[in-house]
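1. Need a 3D model of the sequence below.
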Amino acid sequence: MTLDPDVTIRPYRASDRPRVRDICFVTGYMGEPVDWLWRDRESFADLFSGYWTDREPESALVAETCGVVAGYLLGCVDSRKVWNMGTLMGRHLVRRGMLVRPGTAGVLWRMIGDIVVDGIRRKLPPLGVHDPRWPAHLHIDLLPECRGRGVGAELVRRWLQTLRDVGVPGCHLETMAENTGAIAFFESVGFRRQGPPSNAPGFRSQEGARNHVQLMVQPLTAVDTPGRLLGDEV
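-> A predicted model of the protein is given here:
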């Protein structure tokens with residue numbers, strides 16, 4: 001699908017931060033609002049957009065319709081640089097009192113319980129994805145008015161081309177395994193599922209079923225030995 005001519009894609013600006021944080025929250029559960037599960041906007045936006053807007057803004061793109069940001073892609077070239085999520089979560093637990101904050105405490109206590117049970121069963125998810133085959137990653141979210149217009153595909157295409165231009169060997173992302181529409185989209189732009197889904201501690205559907213995270217990857221440059229790209233001069 002070609003990009004809708006009424007949509008403009010451009011680099012992220014610092015002035016876009018409030019809008020990006022709002023979109024992060026209102027699309028936070030498989031493209032839908034997450035407030036029924038996690039009501040505290042500030043902590044959710046910090047966890048899922050803060051590093052990318054505040055520490056690596058040069059890797060972010062936004063999509064505008066009618067001059068208003070309606071979607072974004074937040075990228076990271078080297079996933080080892082991302083803030084430690086456990087440390088960031090701990091700060092919010094203390095500073096914002098999230099374990100007693102109405103509308104958010106429930107998911108956090110359930111998260112703690114899931115981690116304990118999954119740990120006993122040896123089913124804990126990995127703390128992060130740090131694989132030299134696909135060191136970069138992305139997060140993408142679009143408001144409904146930005147969907148079905150070629151925006152997502154164009155955002156991903158531009159990001160992956162940026163990675164190719166600087167010789168990054170691959171990119172990964174994580175999405176809810178239950179979000180079949182998102183998985184189909186990512187497969188359409190060249191990603192493939194890597195391994196089985198892992199547990200997502202604390203997260204549940206509105207019906208109470210556990211959610212799972214699916215890792216998806218896309219190699220960008222052929223590699224024969226670690227640290228050496230095919231065709232490189234030795």
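2. hey, what's the spatially most central residue of the chain bridged with?
-> By CA atoms, centre = their mean, the chain has its centre lying nearest to H139, at 3.2 Å. Bridge pairing for H139 (DSSP bridges) gives the partners L74.
3. pretty sure it contacts G50?
-> No: counting by CB atoms under 8 Å, H139 does not reach G50; the two are 11.3 Å apart. Heads up, the C-betas are built off the backbone N, CA and C, glycines and all.
4. give me every residue that touches the residue nearest to the centre of the chain.
-> Shown in contact with H139 (CB atoms under 8 Å, 6 or more residues apart in numbering): 48-49, 52, 73-75, 173.
5. And the strands in the chain?
-> For the chain, the strands defined by DSSP state E cover 7-11, 60-65, 68-76, 136-142, 170-176, 192-193, 198-204, 210-219, 223-225, 228-229.
6. which one of these lies closest to A182?
-> For those, proximity to A182 was assessed by CB to CB; strand 170-176 is nearest, at 4.7 Å.
7. Show residues contacting the closest one.
-> Applying CB under 8 Å, 6+ apart, the external contacts of strand 170-176 come out as 30, 79, 129, 131, 133-140, 159-160, 163, 182-183, 186, 191, 194, 200, 203, 211-221.
8. Tell me where this protein is predicted with low confidence.
-> 222-234 (pLDDT under 70).
9. Return the backbone torsion pair for the closest residue to G170 other than its chain neighbours.
-> Excluding the flanking residues, the one nearest G170 by CB to CB, 6 or more residues apart in numbering is W134, at 3.2 Å. W134 adopts backbone torsions of phi -140, psi 70, taken as degrees, to the nearest 10.
10. Can you select the buried ones from the contacts of strand 170-176 in PyMOL?
-> The following PyMOL line selects those of the contacts of strand 170-176 that are buried, judged by 16 or more other CB atoms under 10 Å:
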select buried, resi 30+79+129+134+135+136+137+138+139+140+159+160+163+182+183+186+191+194+200+203+211+213+214+215+216+217+218+220
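11. isn't R19 right next to V69, touching?
-> Yes: using CB under 8 Å, R19 makes contact with V69 at a distance of 4.4 Å.
12. When those two are compared, which one has more neighbours?
-> Taking other CB atoms under 10 Å, R19 and V69 do not tie; V69 has more neighbours (22 against 15).
13. That one and V62: what is the separation?
-> 5 Å (CB to CB, to the nearest Å).
14. any common contacting residues for those two?
-> Shared contacts of V69 and V62 (CB under 8 Å, 6+ apart): 16, 19-20.
15. tell me which of those is nearest to W83?
-> V20 (16.4 Å).
16. give me the number of residues near the nearest residue to that closest one once chain neighbours are set aside?
-> Once flanking residues are discounted, V20 sits nearest to Y72: 5.3 Å by CB to CB, 6+ apart. When neighbours are counted by other CB under 10 Å, Y72 registers 28.
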